[in-house]
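J.: Return atomic coordinates for the entry below.
(one chain, ligands or ions: 2)
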Amino acid sequence: MAKPVSIEVYNPNGKYRVVSTKPMPGTRWINLLVEQDCRVEICTQKKTILSVEDIIALIGDKCDGVIGQLTEDWGETLFSALSRAGGKAFSNMAVGYNNVDVNAANKYGVAVGNTPGVLTETTAELAASLSVAAARRIVEADEFMRAGLYDGWLPNLFVGNLLKGQTVGVIGAGRIGSAYARMMVEGFKMNLIYYDLYQSTRLEKFVTAYGQFLKANGESPVTWKRAASMDEVLQQADVISLHPILDKTTYHLINKERLATMKKEAVLVNCSRGPVVDEVALVEHLKQNPMFRVGLDVFEDEPYMKPGLADLKNAIVVPHIASASKWTREGMATLAALNVLGKIKGYPVWSDANRVEPFLNENIPPPAASPSIVNAKVLGLPVSRL
Ligand SMILES: NC(=O)C1=CN([C@@H]2O[C@H](COP(=O)(O)OP(=O)(O)OC[C@H]3O[C@@H](n4cnc5c(N)ncnc54)[C@H](O)[C@@H]3O)[C@@H](O)[C@H]2O)C=CC1
Ligand SMILES: O=C(O)C(=O)CO
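T.: Ligands and ions are numbered 1, 2, ... in the order given. Model (predicted):
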């Protein structure tokens with residue numbers, strides 16, 4: 001029998017019951033739901049990762065929709081519980097939805113939402129920060145300073161890598177990968193090599209135009225290349241950032257053999273999902289190659305790190321904070337709430353999940369649509385003409 005879970009309630013007499021498994025930043029998302037006759041219940045349990053049992057208790061006997069988190073296991077058990085409670089909508093408060101079994105949701109006719117776009121630049125900025133921090137050994141140097149070890153400037157103290165003129169490699173040049181590529185190319189004048197299943201024409205045009213601009217101003221132009229294989233990126237790039245989705249094709253994309261093909265002084269950044277990298281192999285590679293550096297936001301067995309990783313000076317580790325800017329997190333909450341609300345109210349699905357800005361403007365009411373439902377096609381949901 002599941003234990004009772006503590007909750008905070010807004011608009012107790014609302015017609016539709018919407019549950020959020022976590023308190024989320026901002027109040028706009030709550031107001032938008034309340035204005036549309038929802039009773040909003042927020043789980044305030046002091047437990048970071050809720051179990052399936054906890055969430056079943058939250059769903060209860062009547063629940064129209066749930067906003068959940070990427071740490072939760074949304075599979076057959078939860079979708080059948082939600083369906084039994086009359087629920088038709090679930091939204092992850094995340095763009096990645098590898099924690100969701102979409103086939104199970106389809107089986108129960110539950111719409112699955114995610115939150116693309118609003119976190120693109122924020123996540124890319126963290127990947128860029130990790131790239132610079134790793135290349136220039138910023139965290140190591142900070143620790144050294146705080147430990148009182150600095151006793152004067154030295155020619156060899158914390159020498160790292162110059163980024164300008166080097167090659168940045170991007171694996172998964174979708175929304176975030178492309179934004180990161182632009183930052184590194186424009187900010188540090190790096191050349192680009194990328195690998196994706198699809199061509200990123202917009203990114204290529206951007207780098208071409210920027211290269212022409214630099215040339216016209218008497219500087220060396222930057223270049224781009226779409227690699228025919230991921231291995232080409234790994235072999236040629238000096239800084240490599242991983243931005244694919246996590247699925248069967250990207251699990252352990254970076255493994256022992258591939259690490260061995262990378263440059264000895266390369267920087268590897270992962271702000272996608274932990275299992276994209278074989279973390280045990282990475283720890284071994286970092287031990288063997290002290291000038292190889294990594295910046296990691298995500299881990300294979302979150303919240304844990306593989307043994308040995310925390311002891312390595314050539315690894316920078318942060319706790320899955322890539323999307324953690326106030327604007328982004330409030331926007332993610334808004335998109336997740338509107339995904340659920342849209343389905344409850346029978347609104348259509350927004351036609352372009354890459355253009356969610358109209359939902360984020362606090363000065364006007366949001367469009368009457370769900371911003372991003374990943375299984376809209378399978379469920380045959382209507383698409384907004386706006
Ligand atoms: N660390 C964090 O806090 C965050 C992590 N993420 C992760 O980043 C991922 C990407 O997000 P977006 O850029 O918005 O998604 P997106 O869908 O725009 O980009 C993903 C790209 O990966 C490519 N891809 C898929 N399989 C591939 C393969 N086998 N090899 C190479 N490329 C492949 C796709 O073609 C696509 O272009 C999310 O799915 C999520 O897991 C997203 C936001 C924050
Ligand atoms: O959105 C995601 O996929 C995250 O990892 C958190 O922002």
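
J.: Which pLDDT does the model give the residue lying closest to Gly117 once chain neighbours are set aside?
T.: Ranked by Cβ to Cβ, 6 or more residues apart in numbering and with sequence neighbours excluded, the top spatial neighbour of Gly117 is Val356, at 4.4 Å. Glycine gets a C-beta too; all of them are placed from N, C-alpha and C. pLDDT recorded at Val356 is 95.

J.: same deal with the one 10 residues further on?
T.: At Pro366 the predicted local confidence, pLDDT, stands at 97.

J.: show me the contacts for whichever residue of the stretch 201-350 of the chain sits closest to ligand 2.
T.: Nearest to ligand 2, among the residues of the stretch 201-350 of the chain, is Ser323, at 3.1 Å (Cβ to the nearest ligand atom). Residues in contact with Ser323, defined by Cβ atoms under 8 Å, 6 or more residues apart in numbering, are 94, 119, 122-123, 126, 329, 332.

J.: Filter these down to the buried ones.
T.: Buried subset of the contacts of Ser323 (neighbour count, 16 or more other Cβ atoms under 10 Å): 94, 119, 122-123, 126, 329, 332.

J.: What parts of the stretch 201-350 of the chain come near ligand 2?
T.: Within the stretch 201-350 of the chain, the positions adjacent to ligand 2 are Ser323 by Cβ under 6 Å from any ligand atom.

J.: if you set the cut-off to 8 Å instead, what comes out?
T.: Residues of the stretch 201-350 of the chain lying close to ligand 2 by Cβ under 8 Å from any ligand atom are 273, 298, 320, 322-324, 328, 332.

J.: Going by neighbour count, which of those residues comes out on top?
T.: Compared across these, Met332 has the highest neighbour count, 28 neighbours, by other Cβ atoms under 10 Å.

J.: dump the residue contacts of Ile138.
T.: Applying Cβ under 8 Å, 6+ apart to Ile138 gives the contacts 132, 316.

J.: which residues does Val100 bridge with?
T.: Following DSSP bridges, Val100 is listed with bridge partners Trp74.

J.: Does it touch Val112 like I think?
T.: Yes - if you go by Cβ atoms under 8 Å, Val100 and Val112 touch, sitting 5.7 Å apart.

J.: Need the overlap of contacts for these two.
T.: 90, 92.

J.: related to what we said a few turns ago, which among the contacts of Ser323 gets closest to Val280?
T.: Nearest to Val280 out of the contacts of Ser323 is Leu126 (Cβ to Cβ; 24.2 Å).

J.: Which of the helices or strands spans that closest one?
T.: Here Leu126 is covered by helix 120-135, with elements defined by DSSP states H and E.

J.: Tell me the spacing between Ala134 and ligand 1.
T.: Shown here: Ala134 relative to ligand 1, a distance of 16 Å by Cβ to the nearest ligand atom, to the nearest Å.
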